[in-house]
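1. everything below, folded, please.
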Amino acid sequence: LVQGAKYDQGERTVAQPVTEAEQISNIAFGFMASKALFVALHVGVFTRLSEGPKSAAELAREAGVRENRMTTLLTALNSIGLLVREGSAFANSPGAQAFLVQGAKYDFGDYLRFQIDRQMFPFMQGLEAVVKDDMEPEQIDSYARWMDDPEEARLYSESQHSGSLGPARTLARMVDLSEARSLLDVAGGTGAFAIELCRAWPNLKVTILDFPNVVKLGETFVAEAGLSDRIDFIPGNALETEWPEGQDALIMSYLFNGVPGESIPDLARHAYRVLNPGGRYIVHDFMVEDDRSGPTLAALWQLQHMAFTPAAKSITPDWVSGVMEGAGFTGIRVEELIPAMTKVVMATRPKD
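-> Alright, predicted model coming up:
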């Protein structure tokens, strides 16, 4: 603020540079907050607090960790708003209570602590090399190679399943499948969307196409849901395996960001070919606004996908709509699914 100094901001309000500096710091050190959240999930902080406030000493004893370490962790969680102080004790924030307590209705803690912490974070270490094209193709992982490993497939798929059930229920309320009898779920994972769509539309039968190790897990989830008679699987790669024809509806959830951008128009054309006239085409994925102003979460997820799909395209609703229109689809509409994160683009194959 000294006049003439290199970083003089005297002509501006005092609050402005402070706010900007804090914003930059929050972005730069955001990984620390993420790791605080992940560690808290691994040691069960939020679940242990689900019945009421506890002191750091109590939580340390229950979790089997040293009190000084628990105190530091709880302080960090309090500072980022995941916990609140009640006297000398700590309690869950409303958001933590709703979404981070194991077994809660909207719990997606396993998705965060397994898929994001254990799998996605390590991938991001190679992002700089991917952006700068400093990695040989064989050094870059991919979904196909990743899912060839049974343990990696299990870790990813189980956490993805728990994180997808909520959005799947929302989608089931958004789309009218009352006339559909068959639906193809391309890269449908362990069946979270298929399960919720079948529950919402009793006449619907679903076929899921995904990697063999994912299919094995999906069959278990579908059996537990009591839907083995209505949901079946095809093991394979969505970009290589033949799709069954005669479908009344087709969904691709989280697929566009996981394949090379040049493959997406082919996926849309293939969807058109296997759908019956009047069939519904549904694409759900991370999409940024057409002017690329955000939302932040969608933009960051797209960046993360690029770490193991360097040829991935940062997609927007208008671009996806154009791809669908180019494939022959009509009646295209766009809806938000997960607020500030994902969108759904829906279209119809015209009737002959």
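
2. chain center to stretch 300-307, what's the gap?
-> Taking the mean of its C-alpha atoms, stretch 300-307 sits 11 Å from the chain's own mean (CA atoms, centre = their mean, to the nearest Å).

3. so which bits of that stretch are buried?
-> 301-302, 304-307 (16 or more other CB atoms under 10 Å). Yep, even glycine has a C-beta here, placed from its N, CA and C like the rest.

4. return the member of those residues nearest to Gly326.
-> Within these, distances to Gly326 taken as CB to CB reach their minimum at Gln302, with 21.4 Å.

5. packing partners of the helix or strand that closest one falls within?
-> In this structure, Gln302 sits in helix 296-306 according to DSSP states H and E. Under the contact criterion of 3 or more CB pairs under 8 Å, 6 or more residues apart in numbering; DSSP states H and E, helix 296-306 touches helix 127-131, strand 275-286.

6. what sits up against it?
-> In this structure, residues lying in contact with helix 296-306 by CB atoms under 8 Å, 6 or more residues apart in numbering are 120, 123-124, 127, 130-131, 257-258, 286-288, 292, 312, 314-315, 340-342.

7. give me that answer again for 6 Å
-> Under the criterion CB atoms under 6 Å, 6 or more residues apart in numbering, residues 120, 257, 286-288, 312, 314, 340-341 lie in contact with helix 296-306.

8. now it against strand 275-286, angle please.
-> Direction vectors for helix 296-306 and strand 275-286, defined by axes from the mean of the first three to the mean of the last three CA atoms, to 10 degrees, enclose an angle of 100 degrees.

9. export the next helix or strand after helix 296-306 as CSV, just CAs?
-> Using DSSP H and E, the helix or strand that follows helix 296-306 in sequence is helix 317-327. Coordinates of each C-alpha in helix 317-327 appear next as CSV, following Å, rounded to 0.1, in the frame of the first residue of the first chain:
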residue,chain,number,x,y,z
PRO,A,317,-24.2,-28.1,-23.6
ASP,A,318,-24.3,-26.3,-26.9
TRP,A,319,-21.5,-28.5,-28.3
VAL,A,320,-23.2,-31.7,-27.1
SER,A,321,-26.5,-30.5,-28.6
GLY,A,322,-24.7,-29.9,-31.9
VAL,A,323,-23.3,-33.4,-31.9
MET,A,324,-26.7,-34.9,-31.2
GLU,A,325,-28.3,-32.7,-34.0
GLY,A,326,-25.5,-33.8,-36.4
ALA,A,327,-26.3,-37.4,-35.7
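
10. in the very next helix or strand once past helix 317-327, what's buried?
-> Next in sequence after helix 317-327, counting helices and strands by DSSP H and E, comes strand 330-336. Neighbour counts using 16+ other CB under 10 Å place 332, 334 of strand 330-336 among the buried residues.

11. state the mean pLDDT of strand 330-336.
-> In this model, strand 330-336 has a mean pLDDT of 97.

12. partners of that strand, with directions?
-> When sheet partners are counted by DSSP bridges, strand 330-336 sits next to strand 342-348 (antiparallel).

13. that older thread, mean pLDDT lowest for which of the helices and strands packed on helix 296-306?
-> helix 127-131 (a mean of 77).

14. how about the strands in the chain?
-> 83-86, 89-92, 182-186, 205-210, 231-235, 247-253, 275-286, 330-336, 342-348 (DSSP state E).

15. any weak-confidence spans in the stretch 101-250 of the chain?
-> Across the stretch 101-250 of the chain, the stretches falling below the confidence threshold (pLDDT under 70) are 135-163.

16. for the strands of the chain, which one sits closest to Leu37?
-> Between Leu37 and those, the shortest gap by CB to CB is with strand 83-86, which sits at 10.7 Å.

17. what's that closest one in contact with?
-> Residues contacting strand 83-86 (CB under 6 Å, 6+ apart): 53, 77-78, 90-91, 93.

18. please redo it, this time with the cut-off set to 8 Å
-> 45, 49, 53, 74, 77-78, 90-93, 96.

19. ok, those residues vs Pro167, which is closest?
-> Nearest to Pro167, judged by CB to CB, of the contacts of strand 83-86 is Ala96 at 19.8 Å.
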